[in-house]
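Visitor: Below are the sequence and a predicted model; questions follow.
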Amino acid sequence: SSGINNVIYLFLPIIRGWLTTHMGSEFKFQVGASLKNRLGRTGQISTPHGVIKTPAFIPVGTKATLKSVLPESLKELGSQAVLANAYHLYLQPGSELIDRAGGLAKFMNWNGPTFTDSGGFQVLSLGVGFKKVIAMDENTFQADDVIADDKQRLAHVDDDGVTFKSHLDGSLHRFTPEVSMQVQHHIGADIIFAFDECTTLHNTRSYQEKALERTRLWAQRCLAEHDRLTKERSDKPYQALFGVIQGAQYEELRRKSAKDLATMSQSGISFDGFGIGGALDKQTLGDILKWVNEELPQDKPRHFLGIGEPDDLFVGVENGADTFDCVAPSRQARTSSVFTKDGRVNISNAPHKDEFFPIEKDCTCYTCRNYTRAYLCHLFRAKEMVAATLATIHNQHFIVGLVDQMRESIEKGTFFEFKDAFMARYYKK
C-alpha cells in the first residue's frame, strides 16, 4: 500500500500537469442569463484563486497595487479581481522575483483572481505617445508612422517583437511573444493575454492590415510558448490565456481577427478567452463589440480592455463583454473627481467645503460611511495623501457596483429600464 502511495505521489505532478494542459481543469466559464435581442449575458469565470461573476469591472493595480488603496480595502469595496501590468512588473521589481514570492496574488496579499495584460498597450503608449486611445479622432490625420506631439519614441516594432527603452532608467529591453509569455507565467496571474501590436486610429488602413497579421502570427507563438511553459511549470496553478483582437475601426479587420483567434490552435491548445483591445472610437464602440462577439464562441469569456466610463460600460455589457478594466476611476479620484448618480463632482471645489454629508448619501462604501464632502474637500486642498485613498475607494466602489447592478438587472430582466434611468440622471444636462 505504501509503495502504491509513493508511486502516486511521484507521478502526481505529471498527472496534474497533463490535466491542466489538456482539460483546463482549473479554469472554466459558464454562461448564465442572456439579454433579449442583444449579445449581453451573465456568467461565471472559475479560476484557481476564485470565481468572478460576470459582467464585472476589474480594478487596475498596474504595479501590483491599486494606487493609494490597500488590497483589503479593494476586497471590501466589492472588487472580485485585480489586473496588473506585465510590462511595469517586468521592469520593477522583476517578474522572476514575483515568481519566487509565490506569484502575484501572494506577493500583493490579494486573496482572489488576478489578470495581467501583455505589455501590448505599452508598445502603443511608449511608441507613439498616445495614452487615451478611446478618445482619438480618426479624421484628424493618418500615417504609417505616427507619434504624438512633444513625445520621444521609446519603442520600435518589428515582425519578431518590440525593442523599447525603460521609462525608468532608459535601459534597452526586448519583448517578443515568447518573452511576454515567460514574464506573465513568472508573475503567475490567473488570466494572461497574448502579446499584440496595439495600433492607433491614426495609422493607415494598410498599416492596420500589416499589424493585424503580425498580431495573428504573434498569437500563434504565444499559444506555443504558453503550452511549453504550462507543461514545464506543471506544479503551478493553471493560467488561462486570452487572445487579443485588433483591427481598429474596420469591420472587415475586426471580424477577421475574431475568426482567426477563435479557430486558432497550436500544440493542441486554443485560447481560453479573448481580449478586445486596440484603437477605439467612442462613437463606434458598440459596433466594434458587436462585430467581434458575433464571431467569437459563446462558451468563452470576453474581456474589454481599457473601458471604464459609465456609458461605455453599458454599451459593453449590452454588446456581450464579460469583464472590463480601466485606470480611469482611480486616476480621476486622485484629481478630486468623484462619481455620483448625478454625474462626476470635483470635490475640491469651494461649494463642497461646507457640505457635511457624504459624497453620496445612500452609498455604502467606507468613505461615504465615515467621511463628509467637507472633509474630502479639506484633504485635497491641504494636499493630504489620504485624500486620494478615500476618493479612490469611493470611485472604485461606484464603478464596480454599477457593473454589478448591470449583472443583476440582466438576471431580473430589467437591464434596459435600469440603463435608461441611470443614463437619464447621470448625463442630464
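Guide: Sure, I can see it.
Visitor: By neighbour count, which bits of stretch 334-353 are buried? Give me those.
Guide: By neighbour count on 16 or more other Cβ atoms under 10 Å, the buried set for stretch 334-353 is 334, 336-340, 345, 347-348, 352-353. Quick note: C-beta positions are derived from backbone N, CA and C, even for glycine.
Visitor: Format these as JSON lines; extra columns: distance to G43, secondary structure and pLDDT.
Guide: Formatted as JSON lines, the buried residues of stretch 334-353 follow (distance: Cβ to Cβ, whole Å; DSSP: H, G, I helix; E, B strand; the rest coil; pLDDT from 0 to 100):
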{"residue": "R334", "distance to G43": "32", "secondary structure": "coil", "pLDDT": "98"}
{"residue": "S336", "distance to G43": "36", "secondary structure": "coil", "pLDDT": "98"}
{"residue": "S337", "distance to G43": "32", "secondary structure": "strand", "pLDDT": "98"}
{"residue": "V338", "distance to G43": "30", "secondary structure": "strand", "pLDDT": "98"}
{"residue": "F339", "distance to G43": "26", "secondary structure": "strand", "pLDDT": "98"}
{"residue": "T340", "distance to G43": "29", "secondary structure": "strand", "pLDDT": "98"}
{"residue": "V345", "distance to G43": "33", "secondary structure": "strand", "pLDDT": "98"}
{"residue": "I347", "distance to G43": "35", "secondary structure": "coil", "pLDDT": "98"}
{"residue": "S348", "distance to G43": "39", "secondary structure": "coil", "pLDDT": "98"}
{"residue": "H352", "distance to G43": "40", "secondary structure": "helix", "pLDDT": "98"}
{"residue": "K353", "distance to G43": "45", "secondary structure": "coil", "pLDDT": "97"}
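Visitor: Just the closest of those residues to E251, please.
Guide: Comparing the buried residues of stretch 334-353 against E251 with Cβ to Cβ places F339 closest, at 33.0 Å.
Visitor: residue ranges for the strands of the stretch 51-200 of the chain, please.
Guide: All strands of the stretch 51-200 of the chain, identified by DSSP state E, counting those that start in this stretch, fall at 56-59, 82-85, 114-117, 155-157, 162-165, 172-175, 191-193.
Visitor: Worst mean pLDDT among these?
Guide: Sorting the strands of the stretch 51-200 of the chain by mean pLDDT places strand 155-157 lowest, at a mean of 84.
Visitor: Name the residues that touch stretch 63-78?
Guide: Where contact means Cβ atoms under 8 Å, 6 or more residues apart in numbering, the residues beyond stretch 63-78 that reach it are 59-61, 82, 84-85, 88-89, 92, 98, 104, 107-112, 330, 334, 365-366, 385, 388-389, 392-393, 396-397, 400-401, 404.
Visitor: Neighbours of D227, how many?
Guide: Counted by other Cβ atoms under 10 Å, the residues lying close to D227 total 17.
Visitor: Quick check: the gap between it and S265.
Guide: 10 Å (Cβ to Cβ, to the nearest Å).
Visitor: try A101
Guide: In terms of Cβ to Cβ, A101 sits 34 Å off from S265.
Visitor: and those two? which has more neighbours close in?
Guide: Neighbour count, other Cβ under 10 Å: between A101 and S265, A101 has more, with 14 against 10.
Visitor: and V338, what is it in contact with?
Guide: Contacts for V338 (Cβ under 8 Å, 6+ apart) come out as 332, 344-345, 347, 359, 376, 391, 394-395, 398.
Visitor: now E251: how far from F356?
Guide: Distance, E251 to F356, using Cβ to Cβ: 53 Å.
Visitor: P329 now?
Guide: From P329 over to F356 (counting by Cβ to Cβ), the distance is 25 Å.
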